[in-house]
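Q: 3D, please:
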Amino acid sequence: MIQRIQTIYIFFAAVFVALLLQLDFAELAVNGELYVFNAKGIMSGEQVLFNGLPILGFIGLITLLHLIVIFLYKKRILQIRILAFTIILLLGLVGVILYFFYAAYDNAEVVFKIPMVFPVIAVILDYLAIRSIGKDEALIRSLNRIR
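A: Numbers count the residues shown, from 1 in each chain. Below you'll find the predicted structure:
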């Protein structure tokens, strides 16, 4: 339901992850040439030097899972499990992005941009949502015990 705080956490986590599709992660300087790294890969102008299809897949899957979790508000345990899975996927996304940085070129100077912290923010928001969903579940179970 929209009025629950965990829905707000999940929504903002989805927004942060979806913003990764449009924003640049970093700029790489290799031998005097400047390359831009975004969700499509490492690019020089319009030419794609390294394809970022795994990153696009991670971002799309994580965003889709966040949007699905918002509408599973009656199944709190399933919400917690899916959010735990999205946390693992977000950490995997960070790993894949860092792999792309350092496997693409040797001796590259990397300038990270603000969107690199978006997966970490999404992990924190997912953790807060899991805690809030757990509190709701505990409240429901305690009410059932009283009856």
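
Q: quickly note the distance from the nearest residue to L125 once chain neighbours are set aside to L83.
A: Spatial nearest neighbour of L125, excluding adjacent residues (C-beta to C-beta, 6 or more residues apart in numbering): A13 at 4.0 Å. Any C-beta I mention is one placed from the backbone N, CA and C, and that applies to glycine too. A13 sits at a distance of 9 Å from L83 (criterion: C-beta to C-beta, to the nearest Å).

Q: where along this structure do the helices fall?
A: All helices of the chain, identified by DSSP state H, fall at 5-19, 53-70, 76-104, 118-146.

Q: among those, which is the most enclosed?
A: Each of these was scored by mean neighbour count; the highest is helix 5-19, a mean of 21, by mean count of other C-beta atoms under 10 Å.

Q: that one to helix 118-146, inter-axis angle?
A: Per axes from the mean of the first three to the mean of the last three C-alpha atoms, to 10 degrees, the angle that helix 5-19 makes with helix 118-146 is 160 degrees.

Q: gap between helix 5-19 and the chain center?
A: Its chain's average C-alpha position is 9 Å from that of helix 5-19, according to C-alpha atoms, centre = their mean, to the nearest Å.

Q: likewise for stretch 61-76?
A: Worked out by C-alpha atoms, centre = their mean, stretch 61-76 lies 13 Å from the chain centre.

Q: ditto for stretch 92-99
A: Averaging C-alpha positions (C-alpha atoms, centre = their mean) puts stretch 92-99 11 Å from its chain's average.

Q: give me the contact list for that stretch.
A: With C-beta atoms under 8 Å, 6 or more residues apart in numbering as the test, stretch 92-99 has contacts from 25, 54-55, 58-59, 62, 116, 119-120.

Q: can you add distance to F37 and mean pLDDT and give the helices of the chain back as a markdown table?
A: Below are these laid out as a markdown table (distance: least, C-beta to C-beta, whole Å; pLDDT from 0 to 100):
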| stretch | distance to F37 | mean pLDDT |
| --- | --- | --- |
| helix 5-19 | 15 | 94 |
| helix 53-70 | 9 | 93 |
| helix 76-104 | 7 | 90 |
| helix 118-146 | 14 | 89 |
